[in-house]
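Visitor: after the sequence you'll find the predicted model.
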Amino acid sequence: MPLALPSRIGNEFAGVVDEVGDGVTAFAVGDAVLGFEEMACCADQVVLDVDHVVAKPAAMPWAEAGVLSASGQTAHTAIEQLRVGADDTVLVHAAAGGVGSFAVQIARARGAKVIGTASARNHEYLDSLGAIPIAYGGGLEARVRAAAPAGVTAVLDCIGGEALDVSVRLVDDRQRIGTVTDRVNGQRLGVQVIGTDRSAARLADLVALHEMGKLRVSIYEQLSFAEAAQAHRTVETGHVRGKVVLSND
Ligand SMILES: NC(=O)c1ccc[n+]([C@@H]2O[C@H](COP(=O)([O-])OP(=O)(O)OC[C@H]3O[C@@H](n4cnc5c(N)ncnc54)[C@H](OP(=O)(O)O)[C@@H]3O)[C@@H](O)[C@H]2O)c1
């Protein structure tokens with residue numbers, strides 16, 4: 001994404017409405033909301049269109065509300081575009097990360113069986129989300145076949161590279177394989193390269209799943225805005241479980 005520096009960053013937020021524009025009736029000053037706006041949300045205040053906002057349920061913790069939209073909408077878009085349903089066995093690569101954690105749960109909510117890759121320290125976590133955990137790395141294809149003797153029917157890749165080469169050996173229909181991260185290999189292999197189709201309706205669906213207890217938001221670390229650089233270093237390790245939260249509390 002080309003940016004003129006200095007630039008704001010952050011694509012998701014939760015907060016309280018301070019002001020509404022003329023003609024806005026859906027929200028009022030003081031309402032608790034969550035929403036999305038590209039490269040705007042790591043801030044004390046954000047100005048955005050009313051159709052980028054949904055109501056925050058009182059029971060939803062602020063930290064969870066603040067990190068629901070970005071990875072959540074990507075995962076939701078991907079599971080929809082891969083047409084995942086109750087008859088599917090879905091393989092999610094990097095299932096313990098931000099996008100992966102949401103994707104596992106959304107696929108489970110649609111009734112699919114889910115196999116997720118992660119290192120051993122995240123296997124209990126994946127199990128708690130409803131996925132069958134397996135290790136990534138050498139021998140992955142054999143481990144997937146052992147976990148899904150009847151075969152895998154769809155794949156969501158959140159890591160790229162070798163994971164995509166393994167995926168095309170497991171699933172014949174390349175339209176049922178999607179990557180949210182590796183455009184180059186995705187195009188080389190003819191699988192779906194999936195972007196995020198963000199909308200208030202999609203975000204509201206995620207909120208509804210959360211309210212039904214079908215979507216957990218795992219907070220790996222919560223830091224203040226003053227610690228933003230540390231938050232980015234944590235994310236750059238590539239080993240976050242769930243999400244990192246920045247807060248001005
Ligand atoms: N297209 C879009 O709209 C969109 C939107 C959001 C994100 N993305 C992209 O999607 C990708 C995933 O984002 P994210 O936020 O979910 O990432 P993330 O949270 O940083 O992913 C971290 C996870 O990756 C796992 N991991 C690390 N190396 C792995 C490997 N070789 N195989 C399998 N898992 C591995 C880690 O598990 P262990 O600690 O157990 O190793 C960790 O749980 C990123 O490239 C991001 O840019 C795309």
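Guide: Thanks, I have it. Numbers count the residues shown, from 1 in each chain.
Visitor: assign a three-state SS to G15, would you?
Guide: The local conformation at G15, judged by DSSP: H, G, I helix; E, B strand; the rest coil, is strand.
Visitor: next: A146.
Guide: Here A146 is helix, with the state taken from three-state DSSP.
Visitor: and stretch 236-249, end to end?
Guide: 24 Å (C-alpha to C-alpha, to the nearest Å).
Visitor: what helix or strand is Q105 located in?
Guide: Take DSSP states H and E as the rule and Q105 turns out to sit in helix 98-109.
Visitor: first-to-last residue distance for stretch 190-207?
Guide: With C-alpha to C-alpha as the measure, stretch 190-207 spans 33 Å from end to end.
Visitor: pLDDT of that stretch, averaged?
Guide: Across stretch 190-207, pLDDT averages out at 98.
Visitor: over to stretch 102-110?
Guide: 99.
Visitor: which outside residues touch it?
Guide: Residues from elsewhere that reach stretch 102-110 (C-beta atoms under 8 Å, 6 or more residues apart in numbering): 71-72, 74-76, 78-79, 84-86, 88, 90, 92, 95, 114, 116, 126, 129-131, 156, 158, 206, 209, 214-216. All C-beta spots, glycine's among them, are computed from the backbone N, C-alpha and C.
Visitor: thinking again about what came up before, export the helix holding Q105 to CSV, keeping only CA atoms.
Guide: Extracted C-alpha coordinates of helix 98-109, given in CSV (Å, rounded to 0.1, in the frame of the first residue of the first chain):
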residue,chain,number,x,y,z
GLY,A,98,-5.1,-13.3,13.6
VAL,A,99,-6.8,-14.3,10.4
GLY,A,100,-6.4,-18.0,11.0
SER,A,101,-8.0,-18.0,14.5
PHE,A,102,-11.1,-16.3,13.1
ALA,A,103,-11.2,-18.5,10.0
VAL,A,104,-11.2,-21.7,12.1
GLN,A,105,-14.1,-20.5,14.2
ILE,A,106,-16.2,-19.2,11.2
ALA,A,107,-15.7,-22.5,9.4
ARG,A,108,-16.7,-24.4,12.5
ALA,A,109,-19.8,-22.2,12.9
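Visitor: still on that earlier bit, for PyMOL, write the selection for the buried entries among the contacts of stretch 102-110.
Guide: Selecting just the buried residues from the contacts of stretch 102-110 in PyMOL takes one command, with 16 or more other C-beta atoms under 10 Å as the test:
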select buried, resi 71+72+74+75+76+78+79+84+88+90+92+95+114+116+126+129+130+131+156+158+206+209+215+216
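Visitor: the contacts of stretch 102-110 also near the ligand: which ones?
Guide: Among the contacts of stretch 102-110, the residues that sit close to the ligand (C-beta under 6 Å from any ligand atom) are S71, T74, C158.
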